[in-house]
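# Fold the stuff below for me.
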Amino acid sequence: MAHDARPQAGSRQPPGHRHGVTRQADTVRRTAHRVLAAVSARDAYANLLLAAALRDSGLHGKDAALATELVYGVLRHRGSYDAIIGICADRDLDRIDPGVLDALRLGVHQLLGMRIKPHAAVATAVDLAVDVAGRKPAGFVNAVLRRIAPRDLESWIAIAAPDRSADPVGHLAVRHSHPRWIVEAFAQALGQAPGGDLSQTEAALIANNARPAVHLAVVPGLADPADLVAAGATAARWSPYGAYSTSGDPASIDAVAQRRAGVQDEASQLAALAVVSAAPSAPASTTERWLDLCAGPGGKARLLSGLAAERGAVLLAADVHHHRAALAAQALAAHTAGGTGGAAVVTADGLAPPWLPAAFDRVLADLPCSGLGSLRRRPEARWRRQPADITVLGRLQRDLLASALNAARPGGIVGYVTCSPHLAETRQVLADVLSTRDDVEVLDAPAVLGQVPDLRCPAPHQKYAQFWPHRHGTDAIFVALLRVAR
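So this is what the prediction gives:
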């Protein structure tokens, strides 16, 4: 690299330290920093931490919006910002105190990702560094940010990212702030060779960094999408039970506050509907019995409970974790109150189930996964997950899918669903499990979801459906429909 981008000796004194006076960082930035630190230290979800932090800090309106932008902006673009900080710092990132590094990231986001004047962005980041680490590290933060400030983000990406022609995956990883292994996984799922045309992969990465709309789903029989539209939402494109909210707080919508509707991604709605819509090889002789194998926190189960009540079916929602089963019970409260409605929730291990084999007509196996399909909503997952996690989850997914197939009656339907496009959590799991059985037929999931375009996986897996944020405006949810032979 031709230029020397490191902080130079004699850099100007931090703004917060002139004449021995230290300014206190403002509440908005302290709150954002506290959330970022907790996400890293406690492996917690940013959305839950941020909501609590905003309440505790008394932030609302524009201040709450600014804190939210700071948190999610840093989490989405951390990879790009770290590459730039790495050029401009005089040490490796792992030698920078975590609190100081988060202050730097917040400063870089203000400089390169927001319309905040450079002097204000530097000053507020320096004040924050003083709060979390003292005066000496604040001088380091001041020097690094002043080095970054003269260039815009595009200019820095041109310096920090590998050459696109020599290393296209590495270039996309830095430009669009994703770990390299995730870029490779998306390319494989989209059928694109790492050294070839990666236009679809890049579109998916760009979509992951966009702020997602809030998707809502009504409980059939208790509310109608028209109720959501009347409250200011827009009817969903494909789900007959869905809507897109423009409200900052979905709970301000009466149907949501009354649990007659809830937040649920449209692809998640359609995955549940596909399991209900797929045709069994023979009708049930009595009332249909449905199983949601891993139901917590209850989004799909809530929708299924309404459909079951309308169709005279009964739903059992199970989860191995009691707290997740409790969340599912809350989601289903409208259909389980008083023991009516044909829905029940239990804490049960799908690997050692309390139900008899071949007990259910329809089984939804929405299994624990990496969550790589929901990076728009949970951007921190891209930094939290590692390739080794996929291997561990894959073993669990194989065992749970086998259990789901055993739970279905002859002629019954099993829906295998993951919120991940990673091949090791989708097609490879199915290939391994189905290779051990000769009693399972793969149904045409994209045909069942015929109202939605561009769902088919690349050959030879065209019967599997894969939603994508850049194609469908949804999470990257995978759906396979299986029918157990009679």
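# just for the chain, where's the confidence low?
1-25, 247, 334-341 (pLDDT under 70).
# Residue 127 sits in which helix or strand?
Assigned by DSSP states H and E, residue 127 belongs to helix 118-133.
# Likewise for residue 317?
Assigned by DSSP H and E, residue 317 falls in strand 314-319.
# Can you tell me what sits against that strand?
By Cβ atoms under 8 Å, 6 or more residues apart in numbering, the residues outside strand 314-319 that reach it are 287-296, 298, 301, 304-305, 308, 325, 328-329, 332, 342-348, 350, 353, 355, 360. Placement of C-beta: from N, CA and C, glycine included.
# who's in contact with the residue most central in space within the chain?
The centre of the chain sits closest to residue 374, judged by Cα atoms, centre = their mean, with a distance of 2.3 Å. Neighbouring residues of residue 374 by Cβ under 8 Å, 6+ apart: 265, 381, 419, 475-476.
# In CSV: those residues, plus secondary structure and distance to residue 469.
Shown next, in CSV, are those (DSSP: H, G, I helix; E, B strand; the rest coil; distance: Cβ to Cβ, whole Å):
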residue, secondary structure, distance to residue 469
265, coil, 10
381, helix, 14
419, coil, 11
475, coil, 7
476, coil, 6
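# Closest to residue 29 out of those residues?
Checking those against residue 29 with Cβ to Cβ, the nearest one is residue 381 at 24.0 Å.
# Pull the number of nearby residues for the closest one.
Residues contacting residue 381 under the criterion other Cβ atoms under 10 Å number 20.
# could you dump the contacts of residue 374 to CSV with distance to residue 37?
Listed next are the contacts of residue 374 as CSV, based on distance: Cβ to Cβ, whole Å:
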residue, distance to residue 37
265, 28
381, 17
419, 26
475, 27
476, 29
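# Next, give me the two most distant ones among these.
Going by Cβ to Cβ, the pair spanning these furthest: 265 and 381, at 14.7 Å.
# So what's the gap between stretch 131-149 and the chain middle?
32 Å (Cα atoms, centre = their mean, to the nearest Å).
# actually stretch 217-235, not the one I typed
That offset, for stretch 217-235, works out to 24 Å (Cα atoms, centre = their mean).
# ok, and for it, which residues are buried?
For stretch 217-235, burial by neighbour count (16 or more other Cβ atoms under 10 Å) applies to 217-225, 227-228, 231, 233.
# just to revisit the earlier point, buried ones in the strand holding residue 317, by neighbour count?
Quick answer for strand 314-319 (16+ other Cβ under 10 Å): 314-319.
# and the gap between residue 410 and residue 476?
33 Å (Cβ to Cβ, to the nearest Å).
# what's the answer for residue 269, then?
15 Å.
# next one: residue 121
In terms of Cβ to Cβ, residue 121 sits 33 Å off from residue 476.
# Those two: who's more crowded?
Higher neighbour count among residue 121 and residue 476: residue 476, with 29 against 22, using other Cβ under 10 Å.
# unless I'm mixing things up, that one is touching residue 468, no?
Yes. With contact taken as Cβ atoms under 8 Å, residue 476 and residue 468 are classed as touching, separated by 5.4 Å.
# okay, and the common contacts of those two?
In contact with both residue 476 and residue 468: 204, 421, using Cβ under 8 Å, 6+ apart.
# Would you mind giving both backbone torsions of residue 414?
Backbone torsions for residue 414, taken as degrees, to the nearest 10, come to phi -120, psi 130.
# Got the domain ranges for this structure?
Each domain of the chain is listed here as a residue range: 15-153, 166-204, 214-263, 266-294+350-484, per automatic domain parsing.
# closest one to residue 160 among those domains?
domain 15-153 (4.1 Å).
# elements contacting the longest helix along the chain?
Counting by DSSP state H, the longest helix found in the chain is helix 61-88. Contacts defined by 3 or more Cβ pairs under 8 Å, 6 or more residues apart in numbering; DSSP states H and E place helix 61-88 against helix 27-42, helix 46-57, helix 98-112, helix 135-148, helix 153-160, helix 168-175, helix 381-384.
# Parallel or antiparallel, which strands does the helix or strand residue 244 falls within pair with?
Here residue 244 sits within strand 242-245, counting by DSSP H and E. Strand 242-245 sits in its sheet next to strand 214-218 (antiparallel), strand 234-235 (antiparallel), going by DSSP bridges.
# okay, those in a markdown table with distance to residue 196 next?
Converted to a markdown table, the strands paired with strand 242-245 look like this (distance: least, Cβ to Cβ, whole Å):
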| stretch | distance to residue 196 |
| --- | --- |
| strand 214-218 | 33 |
| strand 234-235 | 37 |
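# ok, which stretches of the stretch 201-350 of the chain are helices?
225-230, 254-257, 266-277, 299-311, 322-331, 333-336 (DSSP state H, counting those that start in this stretch).
# among those helices, which is nearest residue 181?
helix 266-277 (23.3 Å).
# what helix or strand is the closest residue to residue 189 other than its chain neighbours on?
Spatial nearest neighbour of residue 189, excluding adjacent residues (Cβ to Cβ, 6 or more residues apart in numbering): residue 421 at 4.0 Å. Secondary structure from DSSP H and E places residue 421 outside every helix and strand.
# Near residue 421, how many other residues are there?
Neighbour tally, residue 421, other Cβ under 10 Å: 27.
# May I ask you to confirm that it is in contact with residue 370?
No. The pair residue 421 and residue 370 fails to qualify as a contact (Cβ under 8 Å) at a distance of 9.8 Å.
# on that earlier part again, out of the helices and strands packed on helix 61-88, deepest packed?
Of all those, helix 98-112 carries the top mean neighbour count, a mean of 25, counting by mean count of other Cβ atoms under 10 Å.
# Could you tell me which other helices and strands it packs against?
helix 27-42, helix 61-88, helix 118-133, helix 135-148.
# which other residues reach that helix?
29, 32-33, 36-37, 40-41, 70, 73-74, 77-78, 81-82, 84-85, 93, 96, 116, 118, 120-122, 124-126, 128-129, 132-133, 137, 140-141, 144-145, 148-149, 152-153, 156.
# follow-up on the earlier one: next, work out how far apart the residue nearest to residue 189 and residue 267 are.
Distance from residue 421 to residue 267, by Cβ to Cβ: 11 Å.
# what residues are shared contacts of these two?
residue 476.
# can you give me the offset of the strand holding residue 244 from its chain's centre?
With Cα atoms, centre = their mean, you get 18 Å for strand 242-245.
# now stretch 427-438
26 Å.
# ok, now stretch 372-385?
Counting by Cα atoms, centre = their mean, stretch 372-385 comes out at 5 Å from the chain centroid.
# Buried ones in stretch 393-401, by neighbour count?
Buried, per 16+ other Cβ under 10 Å, within stretch 393-401: 393-394, 396-398, 400-401.
# Mind checking which of those land in helices?
Per DSSP H, the buried residues of stretch 393-401 map to helices at 393-394, 396-398, 400-401.
# Many thanks, I have nothing further to ask.
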